[in-house]
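[1] heads up, no residue letters with this:
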């Protein structure tokens, strides 16, 4: 099954007729390392499915510091949904962390398919609910857990690709700490584990 059709199939099943107009619009794009797919403060109107590689979602604060908030790997759908929906400049950037191959399509096409095929409207609703749950979980993590608890949660989660493939300074930013603080947290946990065993 086509990778994007397989992704959509996690939410809804498409007939060949329903799949055809989206399939015809797909474009494969290769992002080089550090290339931006979405640029903060610029409008963005495309969505992309990651086929290979890795990207990060981040923003640059008023003091010029980059803060990473999310990572995308294979079979993740990514884009600036806020910008796609409103036409306003994106609040975030999406940057490739390695050479990354993506399947790109215009959001406006997906929105037009909502009106033609009810199954796409259902997909859009389920996708929005999925992202809302993920955003809520991430927000709760940042607001309710200490940095050490956030790191422990990451270690115990299914997000092993972050630990395996993302540089430490981006992981630190994702956890809301400095790289030095992350090193201290890791050393403390290793020390505790050694003491227990």
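    Sure, I can see it. These numbers come from a predicted model, not from an experiment. Numbers count the residues shown, from 1 in each chain.

[2] rest of the way, CA atoms for contacts and neighbours
    Noted.

[3] burial check on residue 27, number of neighbours?
    Neighbours of residue 27 under the rule other Cα atoms under 10 Å: 12.

[4] what packs against the longest helix seen in the chain?
    Ranked by residue count, the top helix of the chain under DSSP state H comes out as helix 118-144. If you count contacts as 3 or more Cα pairs under 8 Å, 6 or more residues apart in numbering; DSSP states H and E, helix 118-144 packs onto helix 107-116.

[5] name the residues that touch the helix it packs on?
    Applying Cα atoms under 8 Å, 6 or more residues apart in numbering, the contact partners of helix 107-116 are 22, 45, 46, 47, 84, 120, 121, 124.

[6] follow-up on the earlier one: for the longest helix of the chain, give the mean pLDDT please.
    The average pLDDT within helix 118-144 is 93.

[7] show me which positions of the next helix or strand after it end up buried.
    Remark: after helix 118-144, the chain's next helix or strand is helix 147-156, criterion DSSP states H and E. Buried positions in helix 147-156, judged by neighbour count with 16 or more other Cα atoms under 10 Å: 147, 148, 150, 151, 154.

[8] for helix 147-156, the distance to its chain's centre please.
    Mean-position distance between helix 147-156 and its chain equals 19 Å (Cα atoms, centre = their mean, to the nearest Å).

[9] chain center to the helix or strand following that helix: distance?
    Next along the chain after helix 147-156, taking DSSP H and E as the criterion, comes helix 160-165. Distance, stretch centre to chain centre, for helix 160-165: 14 Å (Cα atoms, centre = their mean).

[10] and the contacts of helix 160-165?
    So helix 160-165 is contacted by 71, 73, 154, 155, 171 (Cα under 8 Å, 6+ apart).

[11] cutoff 10 Å now
    Residues from elsewhere that reach helix 160-165, judged by Cα atoms under 10 Å, 6 or more residues apart in numbering: 53-54, 70-73, 97-98, 154-155, 166, 168, 170-171, 174.
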